[in-house]
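A.B. asks: coordinates only, no sequence provided:
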């Protein structure tokens with residue numbers, strides 16, 4: 001997944017950009033207590049671990065109990 005696709009996914013799920021400083025973007029969602037921080041790089045691929053951490057922080061990744 002590319003950074004631009006990840007941002008579209010967040011926006012589709014109610015997050016909006018509230019702050020930008022250089023390549024770092026912060027997204028918020030009404031009713032969600034945490035800000036989501038993305039070090040944005042446009043068309044580059046998001047590293048797998050980074051993508052999973054962002055989706056988990058945004059509540060978009062299901063938790064699997066082992």
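C.D. replies: Looks like it came in fine. As the structure is a prediction and not an experimental result, all values here were calculated from the model.

A.B. asks: for stretch 27-34, measure first residue to last.
C.D. replies: Chord length of stretch 27-34, first to last residue, is 9 Å (CA to CA, to the nearest Å).

A.B. asks: just the buried residues of it, please?
C.D. replies: 27, 28, 29 (16 or more other CB atoms under 10 Å). Placement of C-beta: from N, CA and C, glycine included.

A.B. asks: and the last one, how far is that from residue 9?
C.D. replies: It refers to residue 29. Distance of residue 29 to residue 9, given as CB to CB, to the nearest Å: 12 Å.

A.B. asks: show me what residue 21 bridges to in the sheet.
C.D. replies: residue 24 (DSSP bridges).

A.B. asks: burial of it, as a residue count?
C.D. replies: Here the number of neighbours of residue 21 (other CB atoms under 10 Å) works out to 7.

A.B. asks: residue contacts, the residue most central in space within the chain?
C.D. replies: Centroid-nearest residue in the chain, with CA atoms, centre = their mean: residue 54, separated by 4.7 Å. Contacts for residue 54 (CB atoms under 8 Å, 6 or more residues apart in numbering) come out as 6, 36, 38, 46.

A.B. asks: what is the end-to-end distance of stretch 24-38?
C.D. replies: Using CA to CA, the span of stretch 24-38 from its first residue to its last is 6 Å.

A.B. asks: and for stretch 5-24?
C.D. replies: Length of stretch 5-24, first residue to last, CA to CA: 16 Å.

A.B. asks: that stretch: how far from the chain's middle?
C.D. replies: From the chain centre to the centre of stretch 5-24 is a distance of 6 Å (CA atoms, centre = their mean, to the nearest Å).

A.B. asks: tell me how far residue 22 lies from residue 37.
C.D. replies: Going from residue 22 to residue 37 by CB to CB gives 12 Å.
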